[in-house]
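**Q** Build me a structure from this.
(chains A and B)
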Amino acid sequence: QVQLQESGPGLVKPSETLSLTCTVSGGSISSYYWTWIRQPPGKGLEWIGYISYTGSTNYNPSLKSRVTISLETSKNQFSLMLSSVTAADTAVYYCARDYGDDSRFDPWGQGALVTVSS
Amino acid sequence: DIQMTQSPSSVSASVGDRVSITCRASQSINRYLNWYQQKPGKAPKLLIYTASSLQSGVPSRFSGSGSGTDFTLTISSLQPEDFATYYCQQSYITPQTFGQGTKVEIK
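**A** Model prediction:
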(Lines give C-alpha, C1' and ligand atoms only; values in the text may rest on other atoms or scores of the structure.)
Protein backbone atom coordinates (compact mmCIF):
# COMPACT_ATOMS: atom_id res chain seq x y z
CA GLN A 1 0.00 0.00 0.00
CA VAL A 2 1.08 3.56 -0.62
CA GLN A 3 2.74 5.35 2.28
CA LEU A 4 3.92 8.94 2.55
CA GLN A 5 6.57 10.41 4.85
CA GLU A 6 7.42 14.07 5.37
CA SER A 7 10.95 15.21 6.15
CA GLY A 8 12.69 18.53 6.70
CA PRO A 9 13.80 21.03 9.34
CA GLY A 10 11.54 21.41 12.34
CA LEU A 11 12.66 24.97 13.04
CA VAL A 12 12.81 27.84 10.57
CA LYS A 13 13.71 31.47 11.26
CA PRO A 14 11.30 34.28 10.40
CA SER A 15 11.69 35.63 6.83
CA GLU A 16 13.46 32.44 5.72
CA THR A 17 12.14 29.64 3.50
CA LEU A 18 10.44 26.53 4.82
CA SER A 19 11.36 23.43 2.86
CA LEU A 20 9.79 19.97 3.21
CA THR A 21 9.98 16.78 1.19
CA CYS A 22 7.43 13.99 0.97
CA THR A 23 8.70 10.53 0.05
CA VAL A 24 6.18 8.16 -1.50
CA SER A 25 6.67 4.42 -1.04
CA GLY A 26 4.65 1.43 -2.19
CA GLY A 27 3.51 3.12 -5.38
CA SER A 28 4.61 5.42 -8.17
CA ILE A 29 4.40 9.17 -8.01
CA SER A 30 3.87 9.15 -11.78
CA SER A 31 0.12 9.12 -11.38
CA TYR A 32 -2.42 10.94 -9.18
CA TYR A 33 -2.02 14.40 -7.72
CA TRP A 34 0.14 15.16 -4.68
CA THR A 35 -0.96 17.65 -2.08
CA TRP A 36 0.27 19.66 0.89
CA ILE A 37 -2.06 20.57 3.77
CA ARG A 38 -1.20 22.28 7.04
CA GLN A 39 -2.72 22.52 10.51
CA PRO A 40 -1.65 25.18 13.02
CA PRO A 41 -1.47 23.83 16.58
CA GLY A 42 -4.98 23.35 17.96
CA LYS A 43 -6.61 24.63 14.78
CA GLY A 44 -8.21 23.37 11.59
CA LEU A 45 -6.89 22.22 8.23
CA GLU A 46 -5.74 24.43 5.37
CA TRP A 47 -5.11 23.21 1.84
CA ILE A 48 -1.82 24.61 0.51
CA GLY A 49 -1.79 23.23 -3.03
CA TYR A 50 -1.08 20.29 -5.28
CA ILE A 51 1.14 19.12 -8.08
CA SER A 52 -0.07 16.64 -10.66
CA TYR A 53 1.92 13.76 -12.07
CA THR A 54 2.39 15.89 -15.20
CA GLY A 55 3.92 18.68 -13.12
CA SER A 56 1.02 21.12 -13.27
CA THR A 57 0.37 22.98 -10.03
CA ASN A 58 -2.53 24.65 -8.24
CA TYR A 59 -1.99 26.74 -5.13
CA ASN A 60 -4.22 28.31 -2.51
CA PRO A 61 -4.50 31.99 -3.48
CA SER A 62 -3.88 32.96 0.15
CA LEU A 63 -0.37 31.48 -0.12
CA LYS A 64 0.25 31.54 -3.87
CA SER A 65 2.87 34.30 -3.86
CA ARG A 66 5.05 32.34 -1.41
CA VAL A 67 4.51 28.68 -2.36
CA THR A 68 6.29 26.34 -4.74
CA ILE A 69 5.50 22.63 -5.03
CA SER A 70 7.78 20.50 -7.17
CA LEU A 71 8.07 16.89 -8.25
CA GLU A 72 11.16 14.67 -8.34
CA THR A 73 9.95 11.60 -10.16
CA SER A 74 13.29 9.77 -10.10
CA LYS A 75 13.24 9.80 -6.29
CA ASN A 76 9.47 9.29 -5.96
CA GLN A 77 9.31 12.53 -3.99
CA PHE A 78 7.57 15.87 -4.08
CA SER A 79 8.51 19.00 -2.18
CA LEU A 80 7.10 22.15 -0.63
CA MET A 81 8.82 25.49 -0.37
CA LEU A 82 7.20 28.39 1.51
CA SER A 83 9.11 31.65 1.50
CA SER A 84 9.17 34.63 3.85
CA VAL A 85 7.72 32.67 6.75
CA THR A 86 6.31 34.22 9.91
CA ALA A 87 5.06 32.78 13.18
CA ALA A 88 1.66 32.36 11.50
CA ASP A 89 3.20 29.62 9.35
CA THR A 90 3.93 27.47 12.40
CA ALA A 91 1.96 24.29 11.81
CA VAL A 92 1.99 20.57 11.25
CA TYR A 93 2.51 20.09 7.53
CA TYR A 94 0.98 17.02 5.92
CA CYS A 95 1.53 15.56 2.49
CA ALA A 96 -1.21 13.45 0.94
CA ARG A 97 -2.24 11.75 -2.28
CA ASP A 98 -5.09 13.43 -4.14
CA TYR A 99 -7.26 11.52 -6.60
CA GLY A 100 -7.47 14.51 -8.93
CA ASP A 101 -10.82 15.03 -10.65
CA ASP A 102 -12.60 12.91 -8.04
CA SER A 103 -10.61 14.72 -5.41
CA ARG A 104 -10.05 13.28 -1.97
CA PHE A 105 -6.97 12.99 0.22
CA ASP A 106 -5.81 9.48 0.98
CA PRO A 107 -3.44 8.40 2.35
CA TRP A 108 -1.73 11.09 4.40
CA GLY A 109 1.77 11.28 5.80
CA GLN A 110 2.18 11.34 9.56
CA GLY A 111 2.85 15.08 9.51
CA ALA A 112 5.85 17.28 10.27
CA LEU A 113 5.74 20.06 12.84
CA VAL A 114 7.49 23.18 11.62
CA THR A 115 8.02 26.00 14.08
CA VAL A 116 8.90 29.49 12.90
CA SER A 117 10.98 31.19 15.55
CA SER A 118 14.25 33.06 15.90
CA ASP B 1 -13.58 30.68 -1.29
CA ILE B 2 -16.37 28.27 -0.34
CA GLN B 3 -16.97 28.37 3.41
CA MET B 4 -17.75 25.08 5.15
CA THR B 5 -19.59 25.25 8.46
CA GLN B 6 -19.95 22.23 10.71
CA SER B 7 -22.39 21.77 13.55
CA PRO B 8 -22.18 21.11 16.33
CA SER B 9 -18.60 22.13 17.18
CA SER B 10 -18.56 19.40 19.81
CA VAL B 11 -20.85 16.63 20.93
CA SER B 12 -20.81 14.43 24.01
CA ALA B 13 -22.09 10.93 23.45
CA SER B 14 -21.98 7.45 24.91
CA VAL B 15 -20.85 4.18 23.39
CA GLY B 16 -23.72 2.81 21.33
CA ASP B 17 -25.26 6.21 20.62
CA ARG B 18 -26.20 7.37 17.14
CA VAL B 19 -24.32 10.56 16.29
CA SER B 20 -24.90 12.92 13.38
CA ILE B 21 -22.69 15.80 12.28
CA THR B 22 -23.82 18.40 9.78
CA CYS B 23 -21.75 20.29 7.24
CA ARG B 24 -23.11 23.23 5.28
CA ALA B 25 -21.43 24.82 2.26
CA SER B 26 -21.72 28.51 1.44
CA GLN B 27 -22.73 27.57 -2.13
CA SER B 28 -23.74 24.42 -3.92
CA ILE B 29 -20.95 21.86 -4.22
CA ASN B 30 -23.02 19.11 -5.86
CA ARG B 31 -21.80 15.96 -4.07
CA TYR B 32 -18.13 16.93 -3.86
CA LEU B 33 -17.89 16.49 -0.12
CA ASN B 34 -15.48 14.31 1.86
CA TRP B 35 -15.33 13.42 5.55
CA TYR B 36 -12.21 12.76 7.63
CA GLN B 37 -11.54 11.50 11.15
CA GLN B 38 -8.58 12.82 13.13
CA LYS B 39 -7.32 11.47 16.43
CA PRO B 40 -4.93 13.49 18.64
CA GLY B 41 -1.40 13.59 17.27
CA LYS B 42 -2.38 11.71 14.12
CA ALA B 43 -3.05 12.59 10.51
CA PRO B 44 -6.64 12.77 9.30
CA LYS B 45 -8.09 9.60 7.83
CA LEU B 46 -10.55 9.53 4.92
CA LEU B 47 -13.92 8.05 5.89
CA ILE B 48 -16.41 9.10 3.21
CA TYR B 49 -15.91 10.58 -0.28
CA THR B 50 -18.30 12.18 -2.77
CA ALA B 51 -20.84 12.60 0.01
CA SER B 52 -21.80 8.97 0.54
CA SER B 53 -19.13 6.56 -0.70
CA LEU B 54 -17.50 4.58 2.09
CA GLN B 55 -13.71 4.46 1.85
CA SER B 56 -12.30 0.94 1.74
CA GLY B 57 -11.62 -0.45 5.20
CA VAL B 58 -13.91 2.00 7.02
CA PRO B 59 -16.58 0.34 9.21
CA SER B 60 -20.11 0.36 7.86
CA ARG B 61 -21.41 2.19 10.95
CA PHE B 62 -20.15 5.34 9.22
CA SER B 63 -22.39 6.78 6.52
CA GLY B 64 -22.72 10.04 4.64
CA SER B 65 -25.59 11.76 2.90
CA GLY B 66 -26.53 15.02 1.25
CA SER B 67 -26.02 17.09 -1.85
CA GLY B 68 -25.96 20.74 -2.84
CA THR B 69 -25.18 22.66 0.34
CA ASP B 70 -26.21 20.35 3.19
CA PHE B 71 -24.46 17.17 4.21
CA THR B 72 -24.50 14.77 7.15
CA LEU B 73 -22.07 12.26 8.60
CA THR B 74 -23.75 9.63 10.76
CA ILE B 75 -22.18 7.11 13.11
CA SER B 76 -24.90 4.54 13.72
CA SER B 77 -23.51 3.05 16.93
CA LEU B 78 -20.60 4.92 18.48
CA GLN B 79 -17.62 2.78 19.42
CA PRO B 80 -14.76 3.68 21.80
CA GLU B 81 -12.36 4.14 18.89
CA ASP B 82 -14.68 6.71 17.27
CA PHE B 83 -13.97 9.45 19.80
CA ALA B 84 -12.10 11.93 17.62
CA THR B 85 -12.49 15.14 15.63
CA TYR B 86 -14.32 14.98 12.31
CA TYR B 87 -13.80 17.34 9.38
CA CYS B 88 -15.74 17.87 6.19
CA GLN B 89 -13.95 19.08 3.05
CA GLN B 90 -15.29 20.34 -0.26
CA SER B 91 -13.53 19.30 -3.44
CA TYR B 92 -15.88 21.09 -5.85
CA ILE B 93 -13.53 23.97 -6.55
CA THR B 94 -10.08 25.13 -5.48
CA PRO B 95 -9.05 26.27 -3.01
CA GLN B 96 -10.39 23.15 -1.38
CA THR B 97 -11.67 24.08 2.06
CA PHE B 98 -12.42 22.27 5.29
CA GLY B 99 -14.99 22.72 8.01
CA GLN B 100 -13.75 23.84 11.41
CA GLY B 101 -14.15 20.35 12.88
CA THR B 102 -16.54 18.58 15.24
CA LYS B 103 -15.10 16.95 18.33
CA VAL B 104 -16.91 13.81 19.48
CA GLU B 105 -16.29 13.35 23.19
CA ILE B 106 -17.13 10.71 25.75
CA LYS B 107 -20.21 11.49 27.82
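**Q** When you work out contacts or count neighbours from here on, use the C-alpha atoms and nothing else.
**A** Will do.
**Q** surely residue B:70 meets residue B:22?
**A** Yes - with contact defined as Cα atoms under 8 Å, residue B:70 counts as touching residue B:22 (7.3 Å).
**Q** Look up how far residue B:17 lies from the spatially most central residue of chain B.
**A** Closest to where the C-alpha atoms of chain B average out (Cα atoms, centre = their mean) is residue B:35, at 3.9 Å. Per Cα to Cα, to the nearest Å, residue B:35 is found 19 Å from residue B:17.
**Q** do residue A:103 as well
**A** In this view, residue A:103 and residue B:17 are 31 Å apart by Cα to Cα.
**Q** circling back: who's in contact with the residue nearest to the centre of chain B?
**A** Contacts of residue B:35 were listed using Cα atoms under 8 Å, 6 or more residues apart in numbering or on different chains, and they are B:46-49, B:51, B:73, B:86-89.
**Q** For it, which non-adjacent residue is closest in space?
**A** Closest residue in space to residue B:35, ignoring its immediate chain neighbours: residue B:88 at 4.5 Å, by Cα to Cα, 6 or more residues apart in numbering or on different chains.
**Q** got a list of what the most centrally placed residue in chain A touches?
**A** Centrality entry for chain A: nearest residue to the mean C-alpha point is residue A:36, 2.9 Å, by Cα atoms, centre = their mean. Applying Cα under 8 Å, 6+ apart, we find residue A:36 in contact with A:47-50, A:80, A:93-96.
**Q** Most neighbours of all those, which one?
**A** Most neighbours among those, by other Cα atoms under 10 Å in any protein chain shown: residue A:95, with 32 neighbours.
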